[in-house]
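J.: This is a predicted model, with the sequence first.
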Amino acid sequence: MEEVHKNCVSVVVAIYNMSPYLDRCIQSLLCQTYENLEILLINDGSTDDSRDICERYQKLDSRVTLFDKENGGLSDARNFGIEQSKGEYLAFVDADDWIEEDFIQKLIGQLENDGADIACVGFDYVYGDKQEIPVRAMKSVKMNQEQCMGQLCRNKWFTSHVWNKLYRKKVFEHVRFPYGDNYEDIAIMHELIMRADIIACSDEILYHYFMRQESIIHLKSAKNEMDNFRAYLKRFRAVNDWRWKRNALKCCAWAAYQILFLSENKFGKTEYREVLCFWKDNSTIRFLGIKYGLMYTFPRIYKRCLCR
């Protein structure tokens with residue numbers, strides 16, 4: 001049985017060619033007011049100076065551990081970090097982002113005070129030197145599993161992002177990020193909620209998400225569009241309660257519609273067939289409301305209206 005360090009927070013940072021941003025990220029972790037941390041820097045086959053920067057911090061602070069692995073992508077690096085972690089709690093910070101000094105302290109407080117299994121805080125998007133608060137601001141609320149799943153499937157203020165949250169490690173016991181897929185957060189967040197009894201949220205903005213134009217996730221590629229569709233499809237199939245399933249179906253329907261009628265990318269026959277099968281098999285799309293009914297029944301007319 002693996003050793004678990006009581007009250008310790010394992011922070012997993014997946015790294016691939018992030019040398020311009022790493023100092024800011026790691027320094028924000030080392031400055032945390034909650035000091036019982038293990039900081040796992042997963043070097044995913046970087047070809048720039050990222051490894052040297054990580055090695056420097058490993059020598060400076062005993063809480064920092066550097067791991068080297070062959071490049072396998074973000075999901076693979078995060079999964080590797082989960083396997084290496086020894087803390088009672090898990091957090092994920094992207095290598096180009098940074099957190100406020102009380103990020104961990106506040107999240108630990110939420111978990112302990114509310115008896116929660118997942119705690120989350122607000123975040124903002126950063127474009128260069130400009131900070132923008134998301135339109136869908138986080139709310140300060142304590143939710144049970146059913147309430148949280150409802151918010152997640154509505155795709156409102158409770159988001160699928162894994163990085164503005166703290167987890168009791170037990171919710172990841174049988175959950176891992178899908179290898180090789182983008183939108184990996186969407187693909188697993190419903191599974192994590194299904195393993196949590198209480199989810200506590202705060203509207204305080206403590207996480208800063210840096211919007212890099214060259215980031216893979218921001219490219220409108222055929223792979224990204226298919227991964228997005230498949231992630232929502234996985235959620236749709238996993239949810240049983242129709243109150244949630246209806247909203248999960250809306251997200252899936254919109255992702256499918258974009259691929260079939262709006263995308264400028266070229267998809268293979270197998271991919272088109274996969275999306276078409278969903279589109280045709282889920283006749284309930286037409287009952288989701290005027291917008292989705294028109295999308296399903298007269299998709300090309302809907303497209304012309306949309307493009308006016």
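T.: The structure has been received and is ready for your questions.

J.: drop to CA atoms for contacts and neighbour counts, all remaining ones
T.: OK.

J.: Show me what counts as buried in the helix or strand hosting residue 57.
T.: Taking DSSP states H and E as the criterion, residue 57 maps to helix 50-60. Within helix 50-60, the residues that count as buried by 16 or more other Cα atoms under 10 Å are 50, 51, 53, 54, 57, 58.

J.: Could you point out the helix or strand that follows that helix?
T.: strand 64-69.

J.: Let's see the helix or strand following that following strand as CSV, backbone CA atoms only.
T.: Using DSSP H and E, the helix or strand that follows strand 64-69 in sequence is helix 74-84. Extracted in CSV, the C-alpha atoms of helix 74-84 (Å, rounded to 0.1, in the frame of the first residue of the first chain):
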residue,chain,number,x,y,z
LEU,A,74,-0.4,16.8,-21.1
SER,A,75,-2.7,13.9,-20.0
ASP,A,76,0.1,11.4,-19.8
ALA,A,77,2.3,13.9,-17.8
ARG,A,78,-0.6,14.6,-15.4
ASN,A,79,-1.3,10.9,-14.9
PHE,A,80,2.4,10.3,-14.3
GLY,A,81,2.3,13.0,-11.6
ILE,A,82,-0.7,11.4,-10.0
GLU,A,83,1.1,8.0,-9.7
GLN,A,84,4.1,9.7,-8.1
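
J.: tilt between helix 74-84 and strand 64-69?
T.: 130 degrees (axes from the mean of the first three to the mean of the last three Cα atoms, to 10 degrees).

J.: so for helix 74-84, what's the average pLDDT?
T.: Helix 74-84 comes out with an average pLDDT of 97.

J.: Run the chain-centre distance for it.
T.: Relative to its chain's centre, helix 74-84 lies at 14 Å (Cα atoms, centre = their mean, to the nearest Å).

J.: What ranges does the protein have for its helices?
T.: Secondary structure of the chain by DSSP state H: the helices cover 19-30, 50-60, 74-84, 103-114, 145-154, 184-194, 222-238, 242-257, 269-281, 290-297, 299-306.

J.: Identify each buried residue in the longest one, please.
T.: Counting neighbours by 16+ other Cα under 10 Å, one finds that the buried residues in helix 222-238 are 222-236.

J.: and the gap between residue 75 and residue 190?
T.: 16 Å (Cα to Cα, to the nearest Å).
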